[in-house]
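In: need a structure here:
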Amino acid sequence: MGGKEKFHMERWYPQLAAAAAAGAVFSCVWEAVIRRFPNIMVRGILWSSPVLSFTAAMVLVSTSIPASVGVGMVLVVFSVAQALYACWVTPRMEYAATILARALAPTPTGKLISDLYHPSYWTVIAAFVWTSVWSLGIVGAIGNGYGFAALIIFGLLVSFAWTMEVLRNVLNVTVSRVIALFYMRGMQSDTMFSFQRAFTTSLGSVSLGSVMVPVIESLRVVARIVNLVEGEDEFMFSFAHCCLRVMEYTFHFGNSWGFVQVAAYGKGFVEASRDTWDLFQERELEPVVNRDITSALCFLSGITGGSLCIIVSGSWTFATHKSFTATVSLISFFIGYFMSRIAMAMPQACVCAYYVCYAENPNNRLFDDTIPDRIKYFKGLPV
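Out: As a prediction, this is how the structure comes out:
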């Protein structure tokens, strides 16, 4: 893909625009279905992700183009890993479905949640517009023959990821504020005011958290995996445990749960993360939230959206300009993933706020025995 003549805008920008549109539509529909059928969708998310990933892999492998086949084989391995994860967390599905259903229904009428759809849709539209503009930049950067093209492309990818994370966490803080004020003070906050506040007063904390949380949580997962496969080697044993301790300590000062206190109390992100985690430890909630799979469901929803975009844009590109299939598919996956994650911010924020508000006041009559029973369950497990 070296010559400039290969990168005419009209040859592959429409496919990226289609990926952005497909990602936006899918994310809104997916969010609505989750709200309507939370119990069914927990299992649906866990299995739709590996199925669609495998389907996208087959689309790429069937092109017989080396680059596309390589990307497809990576997706095959990834889809198998997702299927194994779904089997592993099967015992947690029932609780995950229960807590998601409780968090999405704080009031019998459901009006509190339905009002939150408006900022959710506006955020997805903003993400679509930004993606459409950003796609022009990435097309130009890849088509350029400048010596710094790789650096420019990397910068554009980081910029895109951070912007989409900021949009996602603006929605996260908006939803968290509305839900938290309902549980803590019994009031129904104006949704659009909370949305405006997240975009202004809380934007600094949102921007900082959007950098810290993905990095810290990713490294924490890696440290846990290394700790599981340490083996009998003494050096690896020490290294694995050291890494895990460092990441657990760092996680204390930068975690997604902190966005709830950013929204409710206007705290800085680091202070909110620390105070929230201290509260979880005080209420013996740490093992419960550590084993909650809501964030994994949101991640897998992102993978589902990304895979769908590969199927849409990858098939189109293969039919029109075969040599671009791998590149367009990778960028389309990137777009679909972040689009879906933005829409999933609403149910994830509801669950986070549910846990944090319970930790603030476990005796609140709005909470049932779901969390206390889970705490008792973990207390009864052998150490």
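In: Against S307, how distant is A17?
Out: Going from A17 to S307 by C-beta to C-beta, to the nearest Å gives 18 Å. Where you see a C-beta, it was placed from the backbone N, CA and C, and this is true even at glycine.
In: could you point out which element follows the helix or strand bottoming out on mean pLDDT in the chain?
Out: Lowest on mean pLDDT, DSSP states H and E among the helices and strands of the chain sits helix 111-114, with a mean of 64. Under the assignment DSSP states H and E, the closest C-terminal helix or strand after helix 111-114 is helix 117-143.
In: Tell me the first helix or strand C-terminal of the helix or strand harbouring E10.
Out: In the assignment (DSSP H and E), E10 maps to helix 9-36. Following helix 9-36 in sequence order, the next helix or strand is helix 38-61 (DSSP H and E).
In: Quick check: mean pLDDT of stretch 280-291?
Out: Stretch 280-291 shows an average pLDDT of 93 in the prediction.
In: Give me the buried positions along it.
Out: Using 16 or more other C-beta atoms under 10 Å as the burial criterion, the residues of stretch 280-291 that qualify are F280, R283, L285, V288, V289.
In: R283 contacts A359, doesn't it?
Out: Yes - counting by C-beta atoms under 8 Å, R283 touches A359, with 4.7 Å between them.
In: quick one: the closest residue in space to D115 that isn't next to it in sequence and G266, what's the gap?
Out: Closest residue in space to D115, ignoring its immediate chain neighbours: T191 at 4.6 Å, by C-beta to C-beta, 6 or more residues apart in numbering. Going from T191 to G266 by C-beta to C-beta gives 18 Å.
In: More neighbours: the two, which one.
Out: T191 (20 against 13; other C-beta atoms under 10 Å).
In: Check what pLDDT the more buried one gets.
Out: So T191 comes in at 89 (pLDDT).
In: contacting residues around it?
Out: Applying C-beta atoms under 8 Å, 6 or more residues apart in numbering to T191 gives the contacts D115, L116, H118, P119, T174, V178.
In: For the first one, what are phi and psi?
Out: By that I understand D115. phi -60, psi -30 (degrees, to the nearest 10).
In: Now I375: which helix or strand?
Out: Going by DSSP H and E, I375 is part of helix 370-379.
In: Show me what that helix is packed against.
Out: Counting contacts by 3 or more C-beta pairs under 8 Å, 6 or more residues apart in numbering; DSSP states H and E, helix 370-379 packs against helix 93-103, helix 286-290.
In: quick one: which of the ones you listed is nearest G336?
Out: Smallest distance to G336 across the helices and strands packed on helix 370-379 (C-beta to C-beta): 22.4 Å, for helix 93-103.
In: quick one: buried residues of that closest one?
Out: M93, Y95, A96, A97, T98, I99, L100, A101, R102, A103.
In: Look through this protein and tell me its longest helix.
Out: Longest helix of the chain, by residue count under DSSP state H: helix 149-185.
In: Following element in sequence after that one, please.
Out: Downstream of helix 149-185 (by DSSP H and E), the next one is helix 191-199.
In: Could you give me the buried positions within that following helix?
Out: T191, S194, F195, R197, A198, F199.
In: quick one: the second one from S205, how far?
Out: Taking C-beta to C-beta as the measure, S194 and S205 are separated by 14 Å.
In: model confidence over the strand or helix carrying I303, on average?
Out: Assigned by DSSP H and E, I303 belongs to helix 294-309. Confidence for helix 294-309, expressed as mean pLDDT, is 96.
In: now stretch 56-70
Out: Rounded mean pLDDT across stretch 56-70 is 91.
In: Read off the pLDDT value for E232.
Out: For E232, pLDDT reads 56.
In: ditto for K6
Out: pLDDT, read off for K6, is 49.
In: Thanks again, I'm all set now.
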